[in-house]
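**Student:** sequence-free structure coming up:
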């Protein structure tokens, strides 16, 4: 019997049901379906060249349509995708679904994102539990990975979170969001309203989001696009 293949990294995300309008809208904006691995035609943005939109969305497109709960990590020694899947299934037992609604476009942190107007306490607890309870599956970050994270000029508190949990934007620094672009720094300021208008139009029918599952994404080899491996439902 051959040993189970291990991806380079895994991540625990929230992603909508892959048959839902929310998944289709988000994947369409990014130009890639992380479940089917197909490239998709992106919307036309008046006043912004197709190549510019392709570049602006290149970073989130690689990761797929998602909101991060536990950022990408390498599996710790002794763990496999099978044991991770079992752990996530156990984690999802007893979880109650909840809703997120009233989405806002935001340019906070230098990129365009969708964020809920109100974050219920269930969301903060889900995110914190993911970070802490699933942490045993994560290998410690190496020096190269730590150095890449530190390029963001972390605060002392964020540095402590990075060392403790492998990611600086967790717990008290957690902000639930779906990324629509990478850095907006290369987009001329007069084109930002055009991008915002296009995003508002694209997502204007985005329904309330029923948070009722976790999604396991994998990066098969270093630098590969992330793929949606499995969605595991909450089982109250």
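**Tutor:** Cool, got the structure. Everything quoted here is computed from the prediction, not taken from an experiment. Residues are numbered from 1 along each chain as shown.

**Student:** just the strands in this protein please.
**Tutor:** Secondary structure of the chain, counting by DSSP state E: strands at 9-14, 32-33, 38-39, 67-73, 98-100, 103-106, 111-116, 178-183, 209-211, 213-219, 227-233.

**Student:** Pull the residues that contact the second one.
**Tutor:** Under the contact criterion Cβ atoms under 8 Å, 6 or more residues apart in numbering, strand 32-33 has outside partners 18, 27, 38, 39, 40, 61, 64, 225. Just so you know, the C-beta spots here come from the backbone N, C-alpha and C atoms, and that holds for glycine as well.

**Student:** Same check on stretch 88-106?
**Tutor:** 12, 112-120, 122-123, 126, 129-130, 133-134, 176-177, 180, 196, 199-200, 203, 206, 208-214, 216, 232-236.

**Student:** Identify the residues contacting residue 8.
**Tutor:** Residues near residue 8 by Cβ under 8 Å, 6+ apart: 74, 219, 220, 221, 222, 224.

**Student:** any idea of the pLDDT on it?
**Tutor:** The model reports residue 8 with a pLDDT of 96.

**Student:** just checking, what packs against the helix or strand of the chain with the lowest mean pLDDT?
**Tutor:** Using mean pLDDT, DSSP states H and E, the weakest-scoring helix or strand in the chain turns out to be helix 143-150, at a mean of 89. Here helix 143-150 touches helix 156-165, going by 3 or more Cβ pairs under 8 Å, 6 or more residues apart in numbering; DSSP states H and E.

**Student:** Can you tell me which helices and strands the helix it packs on packs against?
**Tutor:** Going by 3+ Cβ pairs under 8 Å, 6+ apart, helix 156-165 lies up against helix 143-150.

**Student:** quick one: contacts of the helix it packs on?
**Tutor:** 141, 159, 162, 163, 167, 168.

**Student:** gap between it and the chain center?
**Tutor:** Relative to the centre of its chain, helix 143-150 is centred 19 Å away, using Cα atoms, centre = their mean, to the nearest Å.
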